[in-house]
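Novice: can't give you the sequence, but here's the structure:
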């Protein structure tokens, strides 16, 4: 009818979006040791949003600083580095790797968790990866240069020095033995 009105009551909720949070414990591994570390399990999103992950890297490095007195001093500091070749990190927050035998030291890794939809809020958390020095397994000797073929007459005395044709990867002394 003319001039009539109608009304309805409803609840209007405004969701407050909050950034992801958490903390990542430090990790210690040894050179040559394969590891897997799921950093995603250390993040929570209060709103249950799906997260994607990325990382940046630093290493604790020694440098020398000139003091002006002629004697440089040692200074240890965190420096940004590219992702080490032995380290993998995917968008699901899983870090895997096998540190090489020359990669010992302390690494600081900054993991960023970012919402994949909506406001795309993000949080970055650091943790330290300590790679302990380890003795590599004993490697067999390697041929540095092949021994050239030679022909000798029967009964002829032969003396060959082949020590420069081989080396031990760990730098140890080698002993030689010939067989027929």
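Specialist: Noted; the coordinates are in hand. Just so you know, these numbers come straight off a predicted model, no measurement behind them.

Novice: where do the strands sit along this structure?
Specialist: With strands called from DSSP state E, the chain shows them at 21-22, 27-30, 35-38, 43-44, 51-65, 73-81, 87-89, 94-97, 105-115, 122-132, 142-143, 166-167.

Novice: pipe those into a markdown table and attach mean neighbour count per row.
Specialist: (Each C-beta comes from the backbone N, C-alpha and C, glycine too.) Formatted as a markdown table, the strands of the chain follow (neighbours: other C-beta atoms under 10 Å):
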| stretch | mean neighbour count |
| --- | --- |
| strand 21-22 | 14 |
| strand 27-30 | 15 |
| strand 35-38 | 14 |
| strand 43-44 | 16 |
| strand 51-65 | 15 |
| strand 73-81 | 11 |
| strand 87-89 | 17 |
| strand 94-97 | 18 |
| strand 105-115 | 19 |
| strand 122-132 | 17 |
| strand 142-143 | 10 |
| strand 166-167 | 14 |
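
Novice: list the beta-bridge partners for residue 29.
Specialist: Under DSSP bridges, the beta-bridge partners of residue 29 are residue 131.

Novice: any idea how far residue 100 is from the most centrally placed residue in the chain?
Specialist: For the chain, the residue sitting closest to the mean C-alpha position, by C-alpha atoms, centre = their mean, is residue 87 at 3.3 Å. Using C-beta to C-beta, to the nearest Å, residue 87 is found at 10 Å from residue 100.
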